[in-house]
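# When you get a sec, could you give me coordinates for this:
(4 chains)
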There are 2 protein chains.
Amino acid sequence: MPRTGRPRAFNRDEAVTAAMHLFWEHGYESTSLAQLRAAMGDISAASFYAAFESKEALFREVVDEYISSYGQVSESFRDTSIPPRAAIEQGLRRSAKMQTERSHPLGCLLVLSAVTCSPEQNHIQEMLAKERERVRSWLKACIDRAVANGDLTDSTDIAMLVTLFETFLRGISSQARDQVPYEEIDSAITQLMKVWDILSAKTGDQGKI
Amino acid sequence: MPRTGRPRAFNRDEAVTAAMHLFWEHGYESTSLAQLRAAMGDISAASFYAAFESKEALFREVVDEYISSYGQVSESFRDTSIPPRAAIEQGLRRSAKMQTERSHPLGCLLVLSAVTCSPEQNHIQEMLAKERERVRSWLKACIDRAVANGDLTDSTDIAMLVTLFETFLRGISSQARDQVPYEEIDSAITQLMKVWDILSAKTGDQGKI
DNA sequence: TGACTTCTGGATCGATTAGTATAAAATTAA
DNA sequence: TTAATTTTATACTAATCGATCCAGAAGTCA
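Sure thing, here's the model as predicted:
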């Protein structure tokens, strides 16, 4: 927060949000500085670099902003106040809901905005891969908890279950981009969760849950 | 096939294959003409345009080549010589196998190579979307057949089932890119197919299949 | 007021983008 | 041998890429 000097002529937060929508829609590399500056309030190149340092620095800021807003849907996976099964189901449903909303680009920014890029931008891919890995670790922790709880047996193939849910979760981004409506994905989730019930039903304690 | 004139100094088919690997790995827009020409045997710009007309025309050719080679794994979905359930299972397993092979870029070219792009290349996205839609229609036909067969009840939510398998299928591309091994995806498929068995078990005729 | 600080408009940077013009080279057919 | 055909190397577009420079505008502070 500068106390002196000429005040900024544009709203920085709004500019970041505008940039987020562009990166989300078109991806990191395919979004040009010219597009960004236009969407951020027709700001000049000088203003852009004074406020954001570089395209890459802006993107990192955008990713942080995404994670702490839209990305919150995956926080369900690490919500230990609800049973593991409910946490996973909620995480999937909220992700599907968010990714199909029309008020912003379809799909997940972390999954889509740098799936492919030139070799020079490999670190951008790796940065997003790390964020996706975090979500995956929450999913795993969730299933670990279920095994510890006794919701799932000790013999449960944890890696397999993580991959099952995670693969579906990643697929939502692609489906959302192809205009598959929320309702269809939502019913698919209902069906997918029955896999869990099959496994938990096999647990010794009782026949059904 | 020109009958006269100076013979081409490079192998056209090999050049297309090299281009396919680049587009597959880095995506349509992020693959530059310079990269392509280098990988296609260090050919000159003149040779490139004489043989392929444009970057876009080459990409279309690459997509055709992909579909008739690696893309054949999804042909399982329309193989009516095997039962619908087996067709789907085989399609998923073969896709997972192919997408995790290390002899070529990871994931599926149709899903990855233009998920995001600049507005000017929207027609490229749409072209790939059409190809993905074809695969989806085969999946749907497969499930329609199962309902017609009596493998699944008339009350089966077909759209939901298509979305369930298709979402998982799309997710494989993302998982493969993140280095998830084939074996894990394969066991997840085994588990996913149990959803089918739940539904088919409910069919009147007998209790289990 | 004047010193200090920060931001902005406009011109510009070198590198790279996809694509082209031209003429020589290499082949076949007559 | 000569004409016709096609591909080649080389040089070159115009446009765009991300990024920078500088002078002046617009504030705060003493």
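
# quick one, phi/psi of A:N11?
phi -80, psi 120 (degrees, to the nearest 10).

# Who are the contact partners of it?
Residues touching A:N11, when contacts are defined by Cβ atoms under 8 Å, 6 or more residues apart in numbering or on different chains, comprise A:G41. All C-beta atoms are positioned from the backbone trio N, CA, C, and that covers glycine.

# A:V147 against A:I158, yeah?
Yes. Using Cβ atoms under 8 Å, A:V147 is in contact with A:I158, at 6.8 Å.

# So for the two, which sits in the more crowded spot?
Between A:V147 and A:I158, counted using other Cβ atoms under 10 Å in any protein chain shown, A:V147 has the larger neighbour count: 16 against 13.

# tell me the pLDDT at the one residue in chain A that gets nearest to DNA strand C?
Residue nearest to DNA strand C within chain A: A:G5 (1.9 Å; Cβ to the nearest atom of the strand). A:G5 is assigned 93 on the pLDDT scale.

# what's the answer for A:T163, then?
In this model, A:T163 is scored at 98, pLDDT.

# State the helix or strand in which it lies.
Using DSSP states H and E, A:T163 sits within helix A:158-177.

# chain center to the very next helix or strand once past that helix: distance?
For helix A:158-177, the following helix or strand on the C-terminal side (DSSP H and E) is helix A:182-201. Centroid separation for helix A:182-201 versus its chain: 20 Å, with Cα atoms, centre = their mean, to the nearest Å.

# so what does helix A:182-201 touch, helix or strand wise?
Packing partners of helix A:182-201 (3 or more Cβ pairs under 8 Å, 6 or more residues apart in numbering or on different chains; DSSP states H and E): helix A:84-100, helix A:158-177, helix B:158-177, helix B:182-201.

# what's the closest of those to DNA strand D?
Minimum separation from DNA strand D across the helices and strands packed on helix A:182-201 (Cβ to the nearest atom of the strand) falls at helix A:158-177, 21.8 Å.

# just the angle between the closest one and helix B:84-100, please?
Per axes from the mean of the first three to the mean of the last three Cα atoms, to 10 degrees, the angle that helix A:158-177 makes with helix B:84-100 is 90 degrees.

# What residues sit buried inside helix A:158-177?
Using 16 or more other Cβ atoms under 10 Å in any protein chain shown as the test for burial, helix A:158-177 gives A:159-177.

# which residues touch A:R78?
Counted by Cβ under 8 Å, 6+ apart, A:R78 has contacts A:87, A:138, A:141-142.

# Buried residues, the least confident helix or strand in chain A by mean pLDDT. List them.
Least confident helix or strand, chain A: helix A:182-201 with a mean of 96, by mean pLDDT, DSSP states H and E. Using 16+ other Cβ under 10 Å as the test for burial, helix A:182-201 gives A:182, A:184-189, A:191-193, A:195-196, A:199-200.

# For it, report the contacting residues that lie outside it.
A:85, A:88-89, A:92-93, A:96-97, A:100, A:146, A:151-153, A:156, A:161, A:164-165, A:168, A:172, A:175-176, A:207-209, B:157, B:159-161, B:163-164, B:167, B:191-192, B:194-195, B:198.

# domains in chain A, as residue ranges please.
According to automatic domain parsing, chain A comprises the domains A:12-65, A:71-201.

# can you list those in TSV and add distance to B:S74?
Converted to TSV, the domains of chain A look like this (distance: least, Cβ to Cβ, whole Å):
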stretch	distance to B:S74
domain A:12-65	25
domain A:71-201	14
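
# is DNA strand C contacted by the helix or strand containing A:Y49?
Here A:Y49 sits within helix A:45-52, counting by DSSP H and E. Yes. Residues of helix A:45-52 contacting DNA strand C under Cβ under 7 Å from any atom of the strand: A:45-47, A:50-51.

# tell me the SS of the closest residue to A:L152 other than its chain neighbours?
Spatially, and ignoring its direct neighbours in sequence, A:L152 is nearest to A:A146 (4.5 Å; Cβ to Cβ, 6 or more residues apart in numbering or on different chains). Secondary structure, DSSP: H, G, I helix; E, B strand; the rest coil: A:A146 is helix.

# Now do A:A146, the pLDDT please.
Model confidence at A:A146, expressed as pLDDT, equals 98.

# One more: the one 5 residues further on?
In the prediction, the pLDDT value recorded for A:D151 is 97.

# Can you give me every residue that contacts it?
So A:D151 contacts A:83-85, A:200, A:203 (Cβ under 8 Å, 6+ apart).
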